[in-house]
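**Student:** got a predicted model here, sequence first, then my questions.
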Amino acid sequence: MGKYLTIVLILFFSNNNGYVGKFSYTERSELAWSDFRGRPDIGSHFDASVNTGITYQWSYGKDKGAIELNYQVDSFCYPSLSWVKKGQMSDDLLSHEQLHFDISELHARIMRKRLKEYKAGKNIRRDLNKMYKLVERMRIIMQERYDEETDHSKNKEGQKKWEKKVETLMWYYRDYAN
């Protein structure tokens, strides 16, 4: 058994160049340029791109006829899919990319709130998948609007407005942080 575990760990590290494939907002909420390990898209008009998202898992059981829902919701950053073009690393650009990660965490909190308030119906799987798809669509729309209104970090006034907006929303959903 010990030999098998060693082999698995060696394969894991060799396939990922020693890097973790993802990390959660709970593990580390602040991005650093070292988290941008992917190959830059040279054809892109953008100087950097952070890849983030949310995931959820759930299960349920019955206790004395009542349905008890268990769930886990996380927001993640995927370093191997995040990139920055050579010579473009700046504090302003990193702050812009950080807010993308914050927006994903905001939507993880929204999902946690909705799950906490959910009253189990006849088709839990359908209900939860519908809930997740809606929150994910909201997250993507917000990410796109953020980039549009900040011109991908170039509009400093727009960037400040979005920083305040996301800070306020994160505070509002603070009870749903992991």
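**Tutor:** Noted; the coordinates are in hand.
**Student:** residue ranges of the helices in the chain, please?
**Tutor:** Listed in chain order, the helices of the chain (DSSP state H) span 2-15, 91-117, 124-150, 156-172.
**Student:** show me where pLDDT drops low in the chain?
**Tutor:** Where the chain drops to pLDDT under 70, the residues are 1-20.
**Student:** ramachandran angles for the residue of it positioned farthest from its centre?
**Tutor:** Outermost residue of the chain with respect to the C-alpha centroid, by Cα atoms, centre = their mean, is K64; its distance is 36.3 Å. Backbone geometry at K64, expressed as degrees, to the nearest 10, gives phi 60, psi 40.
**Student:** sorry, back to before: the helices of the chain: which one's closest to Q72?
**Tutor:** helix 91-117 (9.3 Å; Cβ to Cβ). From N, CA and C alone the C-beta is placed, and that goes for glycine too.
**Student:** how many neighbours does S59 have?
**Tutor:** 10 (other Cβ atoms under 10 Å).
**Student:** list the residues that contact D175.
**Tutor:** Residues near D175 by Cβ atoms under 8 Å, 6 or more residues apart in numbering: K113.
**Student:** I'd like to know how far it sits from R109.
**Tutor:** 8 Å (Cβ to Cβ, to the nearest Å).
**Student:** what's the answer for F36, then?
**Tutor:** Separation of F36 from R109 (Cβ to Cβ): 24 Å.
**Student:** tell me the bridge partners for E68.
**Tutor:** Here E68 sits in beta bridges with G61, as judged by DSSP bridges.
**Student:** pretty sure it is touching W58, no?
**Tutor:** No: assessed by Cβ atoms under 8 Å, E68 is found out of contact with W58, at 11.1 Å.
**Student:** look at the two and report which has more neighbours.
**Tutor:** More crowded of E68 and W58, by other Cβ under 10 Å: W58, with 15 against 11.
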